[in-house]
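Colleague: got a structure for you, letters missing:
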């Protein structure tokens, strides 16, 4: 029993525990994206003037752009530290299906950098005068959207391992634009009392396609770097 | 020798850089000449003999450059993704060179489509740029090409670089339908697209035929440019091998 070699579940648990532990010791990893998000959101009222009507019409776009930018900021933290200290190599050497381990890593990254943004969008909703129902829609759509941003960011980060962070931004941005369009459409529909469920479904289906598809792509691109 | 053996022998020859290089020496010139002839016929027919459009006048004649460039901009990414798949699955070295050689050509054709569309849009729509579904998706396509070129040029190891941009173009091809769809959804909330290429009046035969010839001509031109770039790439990558040295000694004397 004690000599049993670790299976894939053990590896997933190990990676999750390790990533969460490291991030909890390094407060910058979860505070920086949130701070960045809130600063960008508060920049817009300062730049466009604090009229409530004008702000509410642009609000969803502001929040989504801020969420996208702060997810770009966090890309470097997904794989680069593990790449530099050799952990990533050990993960590949485990011989377990890499895409499953990648999903664990991306989920941890979302918990650290994505989920706090979703929560703090509640605060941003107060800044920008949202109603309760609109805030709820924003919460749902931003949850799905930030999952997609984390997946895309992991893909960009895996392709540009050990290279400049600007490169991963250039890779990720074109792919993020459909998510941005769907997310802002969803929120605008809920403000104008139109059917917003359809956009949530589209976002959800993108997550359903992106999770297996992108995790395989991320695993492949990590392996490419070690060949 | 049965059929499958012939195919395997052919693909072995094509898959090796010197085999492909020797094969392309003959075909490169032939395809270049053919593309020149077809483009001459198509463009002359289109610009001087095709009837004038009753709505737009002679301005519409930019279509003979714009539409082929726009078609190529998407099919080049499709080609890159196919060769990228071949590279990642079967490790054919030449496929990686294809992807690498095609990327800047694809970016140029996308830029050409955007610029010629802009020049066309100014007199007919009264504006250089509209955030219409087609225009936005073509712009995103251009950004994807930029990302591919940037990723290649910032990777030192060329084998890693080939595989990375292959993967990126495969994911890029998956995103194209999503881009197109999402911009359609987006348009339903904002103003509906006032102008669209697809809703232009259906063409007469005298306009359609030269356009089809131009599309074929531009495809041939792309293949010609691709072969030229590929030959340079092969010579550069294989610069330490004896066959390249022999070839260059022969050429320079």
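Modeller: Received, thanks. Quick caveat, the model's predicted, so the values are computed rather than measured.

Colleague: how much space between residue A:16 and residue A:104?
Modeller: According to Cβ to Cβ, to the nearest Å, residue A:16 stands 5 Å off from residue A:104. No exception for glycine: its C-beta is placed from N, CA and C like everyone else's.

Colleague: Which one's more surrounded, these two?
Modeller: More crowded of residue A:16 and residue A:104, by other Cβ atoms under 10 Å in any protein chain shown: residue A:104, with 19 against 16.

Colleague: For chain B, see how far away the more buried one is.
Modeller: Taking Cβ to the nearest Cβ, to the nearest Å as the measure, residue A:104 falls 21 Å from chain B.

Colleague: average pLDDT for stretch A:96-106?
Modeller: Per-residue pLDDT over stretch A:96-106 has a mean of 91.

Colleague: again, but for stretch B:29-41
Modeller: Averaging pLDDT along stretch B:29-41 gives 93.

Colleague: Would you mind listing the buried residues in it?
Modeller: By 16 or more other Cβ atoms under 10 Å in any protein chain shown, the buried positions in stretch B:29-41 come out as B:31, B:32, B:34, B:35, B:38, B:39.

Colleague: Let me know the pLDDT of the most centrally placed residue in chain B.
Modeller: Geometric centre of chain B, nearest residue: residue B:76, 3.6 Å, by Cα atoms, centre = their mean. With respect to pLDDT, residue B:76 has a value of 93.

Colleague: Check whether the residue nearest to residue A:52 when sequence neighbours are not counted sits in a helix, strand or coil.
Modeller: In space, and not counting its chain neighbours, residue A:52 is closest to residue A:129: 5.2 Å by Cβ to Cβ, 6 or more residues apart in numbering or on different chains. Using DSSP: H, G, I helix; E, B strand; the rest coil, the structure places residue A:129 in coil.

Colleague: now, which of the buried residues of stretch B:29-41 sits nearest residue B:112?
Modeller: Distance to residue B:112 across the buried residues of stretch B:29-41 (Cβ to Cβ) is lowest for residue B:39, with 13.8 Å.

Colleague: residues contacting the residue lying closest to that closest one once chain neighbours are set aside?
Modeller: Once flanking residues are discounted, residue B:39 sits nearest to residue B:217: 3.7 Å by Cβ to Cβ, 6+ apart. When contacts are counted by Cβ atoms under 8 Å, 6 or more residues apart in numbering or on different chains, residue B:217 touches B:35, B:38, B:39, B:41, B:42, B:43, B:68.

Colleague: what pLDDT does residue B:217 get?
Modeller: 94.

Colleague: three-state assignment of it?
Modeller: Following three-state DSSP, residue B:217 is assigned to helix.

Colleague: what's the distance between it and residue B:209?
Modeller: With Cβ to Cβ as the criterion, residue B:217 and residue B:209 are 13 Å apart.

Colleague: Now do the helix or strand containing residue A:41, average pLDDT.
Modeller: Element membership for residue A:41, per DSSP states H and E: helix A:28-48. Across helix A:28-48, the average pLDDT comes to 86.

Colleague: Please, where are all the helices along chain A?
Modeller: In chain A, the helices defined using DSSP state H lie at A:8-25, A:28-48, A:52-74, A:76-85, A:87-93, A:98-109, A:115-127, A:132-159, A:165-191, A:197-226.

Colleague: Check which helices and strands the fourth one sits against.
Modeller: Packing partners of helix A:76-85 (3 or more Cβ pairs under 8 Å, 6 or more residues apart in numbering or on different chains; DSSP states H and E): helix A:87-93, helix A:98-109, helix A:132-159.

Colleague: Let's see that with 7 Å instead.
Modeller: Helix A:76-85 sits against helix A:132-159, with contacts defined as 3 or more Cβ pairs under 7 Å, 6 or more residues apart in numbering or on different chains; DSSP states H and E.

Colleague: tell me the mean pLDDT for the helix it packs on?
Modeller: Mean predicted lDDT for helix A:132-159 stands at 92.

Colleague: Same check on stretch B:108-123?
Modeller: 90.

Colleague: For the closest residue to chain A within the stretch 1-150 of chain B, grab the count of nearby residues.
Modeller: Using Cβ to the nearest Cβ, the single residue of the stretch 1-150 of chain B nearest to chain A is residue B:143, 4.0 Å away. The number of residues packed near residue B:143 is 18, by other Cβ under 10 Å.

Colleague: Now do the contacts for it.
Modeller: Applying Cβ atoms under 7 Å, 6 or more residues apart in numbering or on different chains, one finds that residue B:143 lies in contact with A:173, A:174.

Colleague: rerun that using 8 Å as the cut-off
Modeller: Contacts of residue B:143 (Cβ under 8 Å, 6+ apart): A:170, A:173, A:174.

Colleague: Need phi/psi at residue B:53.
Modeller: Here is the backbone geometry of residue B:53 (degrees, to the nearest 10): phi -70, psi 140.

Colleague: Next, count neighbours for it.
Modeller: Residue B:53: 18 surrounding residues under other Cβ under 10 Å.

Colleague: Just the buried residues of stretch A:6-23, please?
Modeller: A:11, A:12, A:15, A:16, A:19, A:22, A:23.

Colleague: Stretch B:49-61 too?
Modeller: B:50, B:53, B:56, B:60, B:61.

Colleague: Repeat that for stretch B:225-236.
Modeller: For stretch B:225-236, a neighbour-count test (16+ other Cβ under 10 Å) marks B:225, B:226, B:227, B:228, B:229, B:230, B:231, B:233, B:234 as buried.

Colleague: List of residues touching that stretch?
Modeller: Defining contact as Cβ under 8 Å, 6+ apart, one finds that stretch B:225-236 is touched by B:17, B:20-21, B:24-25, B:27-28, B:31, B:94, B:97-98, B:100-102, B:104-105, B:244, B:247-248.

Colleague: And for stretch A:13-22?
Modeller: A:6, A:29, A:91, A:101, A:104, A:105, A:107, A:108, A:109, A:111, A:112.

Colleague: Now a ChimeraX select for only the buried ones of these.
Modeller: One line in ChimeraX is enough to select the buried members of those, burial here meaning 16+ other Cβ under 10 Å:
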select /A:29,91,101,104,105,107,108,109,111,112
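
Colleague: Check the contacts of stretch A:13-22 and tell me the two furthest apart.
Modeller: Farthest pair in the contacts of stretch A:13-22 (Cβ to Cβ) is A:6 and A:29. Separation: 26.2 Å.

Colleague: And stretch B:137-156, what's buried?
Modeller: B:137-152, B:155.
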